[in-house]
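> just a sequence and a predicted model for now, questions to come.
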Amino acid sequence: MKARTRTALTATAALTLVGCPQLLSDDWRTVVEGTDGGGEGGSSSSGSGASGSGGDASSGSHADGGVDASSDATLEASSSSGGSGSGSGATSASSGATSGGGSSGGSTGGGSSSGSALDSGSSGSSSGSASSSGAGCGASSGDAAPGTVLASGQSGPKGIAIDSANVYWTTGGSVFQLPKGGGTPLPLASGTGPWGVAVADGYVYFGITNGGGFFSVPVDGGATTFLADQGAYSIAIDATNFYWGTPNGNIMQMSRAAGSNENYLTPNINVFAIAVDSSYVYWSNPSGAIQSIPIGGGSVTSLTNQTSKPQGLAVDATHLYWVNATNGEVSSMPIGGGTVTALATGQQTPTGLALYGGTLYWTNDIPTCGTVMKVPAGGGAVVTVASGQDGPFAIAVDATSAYWTNDGGQVMKASR
């Protein structure tokens with residue numbers, strides 16, 4: 001691995017992020033399964049905070065999928081190539097982390113904001129949908145309730161992460177925090193292009209695109225700290241390290257210890273979504289492959305090419321899981337490679353993915369008629385969690401609820 005020295009910089013106020021004029025279109029998010037207290041221990045998944053021991057890790061994406069670890073969480077993030085937008089998310093299996101991000105696959109994209117004004121974000125009502133109840137959407141939209149609006153009026157919400165108390169998300173110009181029960185969104189950082197997001201140990205970690213950097217900020221607000229110069233579309237966290245996929249196609253690793261340097265695990269690799277267990281880093285590749293590398297570095301292994309634009313990615317103790325945006329399948333495979341099994345078919349642009357309590361949750365990214373779905377990780381009945389959504393994108397899950405962002409500008413919640 002090639003080590004790169006990073007320069008530490010701590011801001012005295014919320015950092016204004018600059019330098020990302022345009023985010024790419026496809027993205028991904030990640031979800032992690034863990035115990036119920038983000039950032040306290042063991043399992044991880046894309047998009048959630050890690051907690052306790054054991055657990056599943058996963059990641060998801062809007063068009064392609066993205067990341068993070070925790071008992072509660074799910075994560076999304078990133079876009080890698082072209083206008084179709086690909087994303088990546090990471091999930092970690094030990095410390096509590098959650099992250100998310102990305103833009104919708106080519107439809108709304110993740111356009112940058114001016115980098116100055118914060119999205120004010122209104123708090124949501126106790127009930128209601130992002131658009132409509134789903135009338136006129138067709139049978140594929142399901143008949144579930146539309147869910148609860150936690151925040152509306154957001155400008156292109158992308159990644160999402162959760163811990164035991166709060167929901168965190170990124171927009172084209174800001175990073176926000178909101179209690180899970182609702183309230184007024186709290187801006188944590190502002191600027192152009194925050195994308196991937198994760199939470200662990202009292203800090204929110206986020207990356208910005210176009211090489212803009214990797215940062216942290218306290219969960220309740222405060223000084224923003226620069227951690228590394230490589231931007232992050234997707235983020236995964238375990239007990240000892242950060243992992244993230246960069247806008248220019250690298251997978252990075254950095255110790256969580258203060259003063260550490262960032263290392264290249266794999267340079268020049270296209271990454272959509274990312275997930276981590278105790279031994280390997282896994283990612284979905286725009287070519288349609290699911291690949292891995294040891295967390296300590298080594299050779300890249302292609303585990304399968306039987307994918308169709310893989311987006312969100314998750315991992316547990318025995319299997320990898322991902323969603324295929326092109327052919328509408330939710331798939332699984334043993335972590336060492338082998339037979340690919342379709343757990344759900346006929347889905348419409350599945351993007352974000354989360355794994356919690358042995359159940360997979362994903363978003364079908366359709367404007368106005370989008371859905372949030374679930375299926376047992378071992379196979380079984382496919383169930384609609386929420387319908388009538390305006391482009392559901394990133395997703396995170398805890399013991400009671402699923403949380404997701406809508407391209408239409410909402411942050412949503414529904415009983416899982």
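Noted; the coordinates are in hand. Numbering: from 1, shown residues only.

> straight-line length of stretch 247-255, end to end?
Across its full length, stretch 247-255 reaches 20 Å between end residues, using C-alpha to C-alpha, to the nearest Å.

> that stretch: which residues count as buried?
Buried residues in stretch 247-255, counted by 16 or more other C-beta atoms under 10 Å: Pro247, Gly249, Asn250, Ile251, Met252, Gln253, Met254. C-beta coordinates here come from the backbone N, C-alpha and C atoms, glycine included.

> which strand or helix spans the last one?
If I follow you right, that is Met254. Assigned by DSSP states H and E, Met254 belongs to strand 251-255.

> ok, that strand: who's next to it in the sheet?
Taking DSSP bridges as the criterion, strand 251-255 forms sheet pairs with strand 241-245 (antiparallel), strand 262-266 (antiparallel).

> C-terminal to the last one, what's the next element?
Secondary structure here is assigned by DSSP H and E; on that basis, the next helix or strand after strand 262-266 toward the C-terminus is strand 274-276.

> just checking, what packs against that following strand?
Using 3 or more C-beta pairs under 8 Å, 6 or more residues apart in numbering; DSSP states H and E as the contact definition, the elements that strand 274-276 packs against are strand 57-60, strand 66-68, strand 234-237, strand 241-245, strand 280-284, strand 310-315.

> mind doing that once more with 6 Å?
Using 3 or more C-beta pairs under 6 Å, 6 or more residues apart in numbering; DSSP states H and E as the contact criterion, the elements in contact with strand 274-276 are strand 57-60, strand 234-237, strand 310-315.

> avg pLDDT for stretch 304-318?
The predicted model gives stretch 304-318 an average pLDDT of 92.

> pull that stretch out as PDB, backbone CA atoms only.
Taking C-alpha atoms only, stretch 304-318 is exported to PDB below (Å, rounded to 0.1, in the frame of the first residue of the first chain):
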ATOM      1  CA  THR A 304     -18.600 -12.700  -9.600                       C
ATOM      2  CA  ASN A 305     -19.400 -11.000 -12.900                       C
ATOM      3  CA  GLN A 306     -23.100 -12.100 -12.800                       C
ATOM      4  CA  THR A 307     -24.400  -8.600 -12.000                       C
ATOM      5  CA  SER A 308     -26.300  -6.000 -13.900                       C
ATOM      6  CA  LYS A 309     -25.100  -2.500 -12.800                       C
ATOM      7  CA  PRO A 310     -24.800  -3.400  -9.100                       C
ATOM      8  CA  GLN A 311     -25.700  -0.600  -6.700                       C
ATOM      9  CA  GLY A 312     -26.100  -1.000  -3.000                       C
ATOM     10  CA  LEU A 313     -23.900  -3.700  -1.300                       C
ATOM     11  CA  ALA A 314     -24.100  -5.400   2.100                       C
ATOM     12  CA  VAL A 315     -22.300  -8.200   3.900                       C
ATOM     13  CA  ASP A 316     -22.900 -10.500   6.900                       C
ATOM     14  CA  ALA A 317     -21.000 -13.400   8.300                       C
ATOM     15  CA  THR A 318     -21.700 -15.700   5.400                       C
END
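
> helix, strand or coil for Thr368?
Judged by DSSP: H, G, I helix; E, B strand; the rest coil, the three-state class of Thr368 is coil.

> and for it, the neighbour number?
For Thr368, the number of neighbouring residues by other C-beta atoms under 10 Å comes to 17.

> possible to save the strands paired with strand 251-255 as TSV with distance to Phe206, mean neighbour count and mean pLDDT?
TSV is the format used below for these (distance: least, C-beta to C-beta, whole Å; neighbours: other C-beta atoms under 10 Å; pLDDT from 0 to 100):
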stretch	distance to Phe206	mean neighbour count	mean pLDDT
strand 241-245	10	31	92
strand 262-266	15	20	90
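
> how about those strands, which one is nearest Gly183?
The closest approach between Gly183 and any of the strands paired with strand 251-255, judged by C-beta to C-beta, belongs to strand 241-245 at 29.1 Å.
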